[in-house]
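Q: Sharing a model that was predicted from the sequence below.
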Amino acid sequence: MKPAALLLAAALALPLAACKEDTAAAPPAPVEMTDEAIGHYCQMYLADHGGPKAQIHFAGHDAPLWFSQVSDAAAFVRDPERFAEIRAIYVSDMAVAESWAEPGRGHWIAADAAHFVIESRQKGGMGIPEAIPFGTLPAAEAFVAAEGGRILGFDAIPEAYLRPAMPQDTEEEDQG
């Protein structure tokens, strides 16, 4: 091959390689929840529980890991024993949800773009405190006006809210 042809081929390959790297760096898109989606911790079907859900996508894995509650996903993200690099986190956008019982199978928003309400009167799908995501600040503010709580970002959700202290075993105390 002539030197000029080699230079031309190299010049054309460089932008193509850069495009390939940009595509590889792009986070995966959210996946629509199906009836077969099972929560990572509870091993129950997500569709059987109301409230917002979460999905986490990992490098090297085609399918996301599903969570029955957003608070569970936030706790998982902070777990030092995670098994892979996180590529994307999506949460149900309750600003566009049909209802609490029907958060929507395709209403996803990136967790870092959502406004989360914690400490409200509304319990999560598993009956415990929930970090409730909204795609707009006005929707989160309206929810707080109706149900109480406070608004913060995904990374600001307190560890104590995600992993509350468990009450002491009262049986042991009763026997003592």
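A: Great, that's in hand. Not measured: the values here are computed from a predicted model.
Q: quick one, strands of this structure?
A: Ranges of strands within the chain are 54-58, 65-67, 86-92, 108-110, 115-118, 132-134, 150-152, based on DSSP state E.
Q: any idea which of those strands is most buried?
A: Across those, averaging neighbours per residue (mean count of other CB atoms under 10 Å) puts strand 132-134 on top, at a mean of 28. (Each C-beta comes from the backbone N, C-alpha and C, glycine too.)
Q: That one: partners in the sheet, and parallel or antiparallel?
A: Here strand 132-134 is paired, per DSSP bridges, with strand 115-118 (antiparallel).
Q: For the chain, which residues score under the pLDDT cut-off?
A: 1-24, 43, 126, 164-176 (pLDDT under 70).
Q: still on that earlier bit, redo the strands of the chain as TSV? Include distance to Glu32.
A: What follows is those, written out as TSV (distance: least, CB to CB, whole Å):
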stretch	distance to Glu32
strand 54-58	10
strand 65-67	12
strand 86-92	11
strand 108-110	8
strand 115-118	22
strand 132-134	17
strand 150-152	27
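Q: Which of those sits closest to Pro158?
A: strand 115-118 (7.7 Å; CB to CB).
Q: chain center to that closest one: distance?
A: 13 Å (CA atoms, centre = their mean, to the nearest Å).
Q: quick one: contacts of it?
A: 70, 129-137, 139-140, 143-144, 147, 149-154, 157-158, 161 (CB atoms under 8 Å, 6 or more residues apart in numbering).
Q: Quick check: Ala97 touching Trp108?
A: No. Using CB atoms under 8 Å, Ala97 makes no contact with Trp108, being 11.1 Å away.
Q: All the helices of the protein, residue numbers only.
A: Ranges of helices within the chain are 3-25, 70-77, 137-147, 159-162, 170-175, based on DSSP state H.
Q: What residues of the shortest one count as buried?
A: Spelled out, that is helix 159-162. Tyr161, Leu162 (16 or more other CB atoms under 10 Å).
Q: what do you get for stretch 127-144?
A: Buried residues in stretch 127-144, counted by 16+ other CB under 10 Å: Pro129, Glu130, Ala131, Ile132, Pro133, Phe134, Gly135, Ala139, Ala140, Phe143, Val144.
Q: Take these and write them to TSV, including distance to Asp62.
A: Formatted as TSV, the buried residues of stretch 127-144 follow (distance: CB to CB, whole Å):
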residue	distance to Asp62
Pro129	32
Glu130	28
Ala131	27
Ile132	29
Pro133	24
Phe134	29
Gly135	26
Ala139	32
Ala140	32
Phe143	34
Val144	37
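Q: For those residues, name the two members farthest from one another.
A: Pro129 and Gly135 (21.0 Å).
Q: picking up where we left off before, ok, which of the strands of the chain comes nearest Gly124?
A: Closest among the strands of the chain, using CB to CB: strand 132-134, at 8.0 Å.
Q: Right, I'll leave it there.
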